[in-house]
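K.L.:
I need the structure of the sequence given here:
(2 chains)
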Amino acid sequence: MSCTESTVPVKCLKCQAELASPIVCTGCRTLYPPPQSADYFDLLGLQRNYVIDESQLTAAVRAISRKIHPDRFADQPPEMRKLATRLSAEVNQAMTVLKDPVQRAAYMLELAGGPSAAEVRDVPGDLLAEVMVLREQIDEAQSSQDAQVVEQMRSSIQARRAQALEQIASRADQLAAHSDEDKKEFRRLLNSLKYFDNLLEQVAADPLARASGADNG
Amino acid sequence: MAYSDKVVDHYQHPRNVGSMNQSAPDVGTGIVGAPECGDVMKLQIQVDDDNRIIDAKFKTFGCGSAIASSSLATEWVKGRTLDQALQIRNTEIVKELALPPVKIHCSVLAEDAVRAAIADVKKKRERAEADKETVSTK
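P.N.:
You can find the predicted model right below:
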């Protein structure tokens, strides 16, 4: 079974033109309510891949938004105007989620039926204990004004975050085929990001790190 | 968001901040985190032979409510037996500190930390018991 097959209509019911997005015919401007099966990728007429070309995403959103902008339906019946407003909101939401690498990964996990953030709240392995130690070390380095140590910690934490995001990126596309345990681990990886972000925030809060330009990276 | 006076008091004068020797047989350590905000909390208890908590320490990296919740939790567990300490509910912390709904997860974190610390020291004791048995059967 594949979840990546899209089941949205491919042709405009009115003018028979090919539909790039299931919610609007770019030819005759006919609007369609979003099909239940359509996800954010479908909505924007994009392939369901984790790696996204941001310019392609922006271009797709722009092309669709222009066609469905509620102002263009000012002379249409209220249902049409309502539909245009609703679709515009959905397209905006789709863009917000798909543009952000973390939100996009979380969304793909959701599509694959993986656990929510409320269901799996832990992180991979002993990461929490490690985070605790790192926090204490940053505290120490900051109070002893050791800019070099702070900078070293910053770059190593940043590398750890990048590593976690790489693992996420490499697994995101095959999530549907993975076991429940793999999906849980994917959620744990997503959970770990916020801890790295906070560590980086703590490092950046150090006046020394800022003075040496360490938080520019 | 305005913090209650009690939260501010715990935040400005946190009780029982510090660390204990994590590998000591009578010390239980609980490290927990909230993935939505990235807060981490370490709560440690020292337990006597009658399973009574004689000391507690915490270290929390997080918001004022998380610090206050863990500070309060260390105050509450001291003098209790492990079973009594397990009765502590996050809702009591919410009530005592007048935490708003968006900060309830901070109190959950404190409850989880107490439970994790208790589970840790219990595990250590069970292991010690098991070791004793294997020694005596030799």
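
K.L.:
contacts, neighbours, all on C-alpha from now
P.N.:
Will do.

K.L.:
Please name the residues that touch the residue of chain B at minimum distance from chain A.
P.N.:
Scanning chain B for the residue nearest chain A gives B:Gly38, at 4.5 Å (criterion: Cα to the nearest Cα). Contacts here follow Cα atoms under 8 Å, 6 or more residues apart in numbering or on different chains; on that basis B:Gly38 touches A:194-195, A:197-198, B:62.

K.L.:
let's go with 10 Å and repeat that
P.N.:
For B:Gly38, the set of contacting residues under the criterion of Cα atoms under 10 Å, 6 or more residues apart in numbering or on different chains consists of A:128, A:131, A:191-199, B:61-63.

K.L.:
Please report the distance of A:Val91 from A:Leu111.
P.N.:
Separation of A:Val91 from A:Leu111 (Cα to Cα, to the nearest Å): 17 Å.

K.L.:
swap that for B:Asp55, please
P.N.:
With Cα to Cα as the criterion, B:Asp55 and A:Leu111 are 47 Å apart.

K.L.:
quick one, what contacts the closest residue to chain B within chain A?
P.N.:
Of all residues in chain A, A:Tyr195 sits closest to chain B, at 4.5 Å by Cα to the nearest Cα. Under the criterion of Cα under 10 Å, 6+ apart, the contact list for A:Tyr195 reads A:123, A:127-128, A:131-132, A:157, A:161, A:201, B:33-40.

K.L.:
is it true that it lies in a helix?
P.N.:
Yes: according to DSSP: H, G, I helix; E, B strand; the rest coil, A:Tyr195 belongs to a helix.

K.L.:
Okay, and the residue most central in space within chain B sits in which element?
P.N.:
Closest to where the C-alpha atoms of chain B average out (Cα atoms, centre = their mean) is B:Val114, at 3.3 Å. The secondary structure element spanning B:Val114 is helix B:104-137 (assigned by DSSP states H and E).

K.L.:
Check the offset of that helix from the chain's centre.
P.N.:
12 Å (Cα atoms, centre = their mean, to the nearest Å).

K.L.:
How about stretch B:38-50?
P.N.:
So, by Cα atoms, centre = their mean, the centroid of stretch B:38-50 is 4 Å from its chain's centroid.

K.L.:
And stretch A:18-38, by the same measure?
P.N.:
Between the mean C-alpha position of stretch A:18-38 and that of its chain there is a distance of 23 Å (Cα atoms, centre = their mean).

K.L.:
since we're on B:Asp5, how many residues are nearby?
P.N.:
A count of neighbours around B:Asp5, defined by other Cα atoms under 10 Å in any protein chain shown, yields 11.

K.L.:
Tell me who's in contact with it.
P.N.:
By Cα under 10 Å, 6+ apart, the contact list for B:Asp5 reads B:11, B:97-98.

K.L.:
Which one (most neighbours) among those?
P.N.:
Using other Cα under 10 Å as the contact criterion, the top neighbour count among the contacts of B:Asp5 goes to B:Leu97, which has 22 neighbours.

K.L.:
who touches that residue in this structure?
P.N.:
Residues touching B:Leu97, when contacts are defined by Cα under 10 Å, 6+ apart, comprise B:3-10, B:65, B:68-69, B:72, B:91, B:107.

K.L.:
6 Å - rerun?
P.N.:
B:6-7 (Cα atoms under 6 Å, 6 or more residues apart in numbering or on different chains).

K.L.:
Quick check: pLDDT value at it.
P.N.:
The predicted local confidence for B:Leu97 comes out at a pLDDT of 95.

K.L.:
From B:Pro100, how far off is B:Asp131?
P.N.:
Taking Cα to Cα as the criterion, B:Asp131 is separated from B:Pro100 by 47 Å.

K.L.:
ok, those two, which is more surrounded?
P.N.:
Set side by side, B:Asp131 and B:Pro100 give different neighbour counts by other Cα under 10 Å, the larger being at B:Pro100 (14 against 11).
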